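Colleague: A predicted structure for the sequence below; I have some questions about it.
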Amino acid sequence: MARVIDEGLLFDRGPSKLDLMLAQYDQEFGVRKVKFRVKDRHSAFNRPEWYEVEVLAVRRSQSDWELFQIDGVFRTDSGLMPISIRYHSGSRKGEAEILTEPRRRGYSDSKKSESLMIVIHQMIASYQRFHTGQEMSPEIFEKFEIAKRISRAENADELNAAIEDLK
């Protein structure tokens, strides 16, 4: 189980939603990192001014669409350290905990992410196959509906039913 080494680390500047999305999903040319600036840099004993974080997982809050939970790692002299960040993309401010080991994502979070990536790839392929500059294929809208069901699944049965429609 992950233990917290350092908590209450405040950031006053962080990435945009687009930067978060690219860090999570667009790694064709290698790992993307996002930067967070420590709020009180002068009193931050043994802390860098900027934390460059490799994003491992991003989850958006259902109650506030600009509030994200970000799990990642950053490099130190002794190696990679796990970090967990509650981040508000609107204000670009957040609070972090540095951990002894990464928090394990739940089975359903991992399964949702993988399933959504499959749907996104299928939507892109469908768009590329059928796009003629006129109308979009109905298949894209069907895939979008599947993606919504996967994203909104609240239990294993709902998630498995939505995933079954991918086949």
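Modeller: Ah, there it is. Residues are numbered from 1 along each chain as shown.
Colleague: what pairs with the helix or strand hosting residue 59, parallel or antiparallel?
Modeller: With elements delineated by DSSP states H and E, residue 59 resides in strand 50-60, which encompasses its position. Each strand that pairs with strand 50-60, with its direction, by DSSP bridges: strand 33-38 (antiparallel), strand 67-76 (antiparallel).
Colleague: now do the same contact list for the residue positioned nearest the centre of the chain.
Modeller: The structure's the chain has its C-alpha centroid closest to residue 58; by CA atoms, centre = their mean the separation is 2.1 Å. The neighbourhood of residue 58, defined by CB atoms under 8 Å, 6 or more residues apart in numbering, consists of 20, 21, 23, 24, 68, 69, 70, 71. Heads up, the C-betas are built off the backbone N, CA and C, glycines and all.
Colleague: burial measure for the nearest residue to the last one once chain neighbours are set aside, as a count.
Modeller: Of all residues beyond its chain neighbours, the one nearest residue 71 is residue 57 (4.4 Å), with distances taken as CB to CB, 6 or more residues apart in numbering. Residues within reach of residue 57, counting by other CB atoms under 10 Å, total 16.
Colleague: residue ranges with poor pLDDT in this protein?
Modeller: 1-7, 40-48, 102-111, 128-137, 167 (pLDDT under 70).
Colleague: can you pull out the helices in it?
Modeller: Taking DSSP state H as the criterion, the chain contains helices spanning 17-25, 107-130, 138-152, 156-164.
Colleague: now the ones you listed as a markdown table including distance to residue 63?
Modeller: Conversion of these to a markdown table gives the following (distance: least, CB to CB, whole Å):
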| stretch | distance to residue 63 |
| --- | --- |
| helix 17-25 | 17 |
| helix 107-130 | 17 |
| helix 138-152 | 14 |
| helix 156-164 | 20 |
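Colleague: from residue 145, how far out is the nearest residue to residue 55 once chain neighbours are set aside?
Modeller: For residue 55, ignoring the flanking residues on the chain, the nearest one in space by CB to CB, 6+ apart is residue 23 at 4.1 Å. Remark: distance between residue 23 and residue 145 (CB to CB, to the nearest Å) = 27 Å.
Colleague: quick one, which of the two is more surrounded?
Modeller: When residue 23 and residue 145 are compared for neighbours, residue 23 comes out ahead with 21 against 13, by other CB under 10 Å.
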